[in-house]
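>>> sequence-free structure coming up:
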């Protein structure tokens, strides 16, 4: 049986409720207009780099606690209500950002936006594990990411247009599509697994996590890799627009949107097929290679060059992301007991939250001092993340496809 034929067979086996989640995620991510362009929006309002870094850090600060709270809420009260509450609150926060004028108000609203956004993501990831049998989870997580990145690819292109022509709709469109995901979840998604009050306590989960060395190696690697990834919506925007590149009639901000969109297009075209190859290999080695490629892809930005060099760097960056991210979610769903999936996903999400909180601010400071230093740091962090997985990740005794199936 060919790879494409077996992939089609796997996709047909995925349950209907999973495809509802896929549609909701596509709609939500298509409208992710604000966060990728927030740095440019604030620059246009004459905020300093320090103020911009503080506002962006607010987003990460909000999501730092959100994953822990949302993971617990998802385990205790079910995945559907967590998604509904998070998306509707996030829509309100994003729309309100447009009207905020002071740095204090912006930080407060980005804290709320970060919290509400991070609140529902553990529930969505845990719901995949609830709905999909182990042997199909790697394909399922890749499919969900494909939908999210398809939405993101189209959405950033639209966002590049809106940031120039209609900044109000940049915020209103983001809010409407996020709220639409909440309505889809409310009407069409199942509740998902719920734990009893005793089982849902954080003390129970932490006692289990404390002895899980594989999870903490993954956590450390994700923290470093996420720091690199968040530069794509902060310092990377300034790098591209600062080079004053032109492609036909496109402005530098629109070229930035195309480069970010290329990331999503690659994932849509190639990630599912790539998972057919990586599922046969040791999970930690695949993720380690992916972390290294992600860092080295952005290290390429240290070299002065035109659009071909930037597209080559983004291609390597995206290849690393495609190797790492579906495997991470499948591996966590394998490690986590059924009644702790939300909290495991929430703890892992705190690594991303920490990177969102510190990454933009530190990245902008390094960029202001010397851009090449920032991009070289990205390369070193990617390599360090790969080393952590290889040194302390504890190799699985079977390929990820079999290990996850046994989970």
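All right, it came through fine. All values reported here derive from a predicted model rather than from experimental measurement.

>>> measure residue 29 to residue 21 for me?
From residue 29 across to residue 21, the span is 12 Å (CB to CB, to the nearest Å). Where you see a C-beta, it was placed from the backbone N, CA and C, and this is true even at glycine.

>>> These two: which is more packed in?
The neighbour comparison of residue 29 against residue 21 (other CB atoms under 10 Å) goes to residue 21, with 26 against 23.

>>> List the buried residues of the helix or strand hosting the more buried one.
In this structure, residue 21 sits in helix 16-30 according to DSSP states H and E. Neighbour-count burial for helix 16-30, counted by 16 or more other CB atoms under 10 Å, picks out 17-22, 24-30.

>>> Which strands or helices does that helix pack on?
Counting contacts by 3 or more CB pairs under 8 Å, 6 or more residues apart in numbering; DSSP states H and E, helix 16-30 packs against helix 103-131, helix 137-165, helix 167-188.

>>> Now stretch 39-59: average pLDDT?
Here stretch 39-59 scores 79 as its mean pLDDT.

>>> Show me the contact partners of that stretch.
Residues outside stretch 39-59 that contact it (CB atoms under 8 Å, 6 or more residues apart in numbering): 34-35, 38, 103, 106-111, 113-114, 117, 163, 167, 170, 233-234, 237-238, 241, 253, 256, 356-358, 360-362, 364-365, 368.

>>> Where does residue 99 sit: helix, strand or coil?
Residue 99 falls in the coil class when you classify it by DSSP: H, G, I helix; E, B strand; the rest coil.

>>> you'd agree residue 379 is up against residue 295?
Yes - when contacts are counted by CB atoms under 8 Å, residue 379 is listed as touching residue 295 (4.7 Å).

>>> Between those two, which is the more surrounded one?
The neighbour count for residue 379 versus residue 295, taken as other CB under 10 Å, is higher for residue 295 (29 against 20).

>>> number of nearby residues for residue 101?
8.

>>> quick one: it from residue 110, how far?
Applying CB to CB to residue 101 and residue 110 gives a distance of 14 Å.

>>> swap in residue 11?
Taking CB to CB, one finds residue 11 at 37 Å from residue 110.

>>> Next up, phi/psi of residue 47, please.
Dihedral angles of residue 47 (phi, psi; degrees, to the nearest 10) stand at phi -80, psi 150.

>>> whoops, I mixed them up, residue 196
Per degrees, to the nearest 10, the backbone of residue 196 is at phi -70, psi 170.

>>> next one: the one 5 residues further on
Note on residue 201: its backbone torsions stand at phi -70, psi 140 [degrees, to the nearest 10].

>>> Then the one 10 residues further on?
The phi and psi values for residue 211, taken as degrees, to the nearest 10, are phi -100, psi 10.

>>> quick one: pLDDT of it?
Note on residue 211: pLDDT of 78.

>>> Quick one: the helices in the stretch 301-407 of the chain, in order.
Using DSSP state H, counting those that start in this stretch, the helices of the stretch 301-407 of the chain run over 307-335, 341-369, 371-392, 400-406.

>>> Show me what the first one is packed up against.
Contact partners of helix 307-335 among helices and strands, from 3+ CB pairs under 8 Å, 6+ apart: helix 103-131, helix 137-165, helix 213-230, helix 252-278, helix 283-299, helix 341-369, helix 400-406.

>>> Tell me what angle that helix forms with helix 283-299.
150 degrees (axes from the mean of the first three to the mean of the last three CA atoms, to 10 degrees).

>>> quick one: average pLDDT of helix 307-335?
Mean predicted confidence for helix 307-335 is 90.

>>> what's the offset of it from the middle of its chain?
11 Å (CA atoms, centre = their mean, to the nearest Å).

>>> If you count neighbours, what's buried in it?
Buried residues in helix 307-335, counted by 16+ other CB under 10 Å: 310, 313-335.

>>> Low-confidence ranges, the stretch 51-200 of the chain, go.
The stretch 51-200 of the chain contains residues with pLDDT under 70 at 153, 156-157, 160, 163-164.

>>> same thing but at 80, please
53, 56-61, 63-64, 101, 149, 152-167, 170, 195-200 (pLDDT under 80).

>>> hang on, isn't residue 312 packed against residue 299?
No - if you go by CB under 8 Å, residue 312 and residue 299 don't touch, sitting 11.8 Å apart.

>>> before we move on, back to that, more neighbours: residue 11 and residue 110, which one.
Neighbour totals were compared for residue 11 and residue 110, and residue 110 leads with 28 against 15 (other CB under 10 Å).

>>> my guess is that one contacts residue 97, does it?
Yes - here residue 110 reaches residue 97: they are 7.1 Å apart, a contact under CB under 8 Å.

>>> Just list the residues touching residue 385, thanks.
Each residue near residue 385 by CB under 8 Å, 6+ apart is listed here: 220-222, 224-225, 288, 291-292, 295.

>>> Mind picking the one among those residues that's closest to residue 122?
Nearest to residue 122 among those: residue 222, at 13.8 Å, using CB to CB.

>>> ok, now how distant is the closest residue to the closest one other than its chain neighbours from residue 218?
What sits nearest to residue 222 in space, not counting adjacent residues and going by CB to CB, 6 or more residues apart in numbering, is residue 351, at 4.4 Å. Note on residue 351: its distance to residue 218, by CB to CB, is 9 Å.

>>> Sweet, I'm off.
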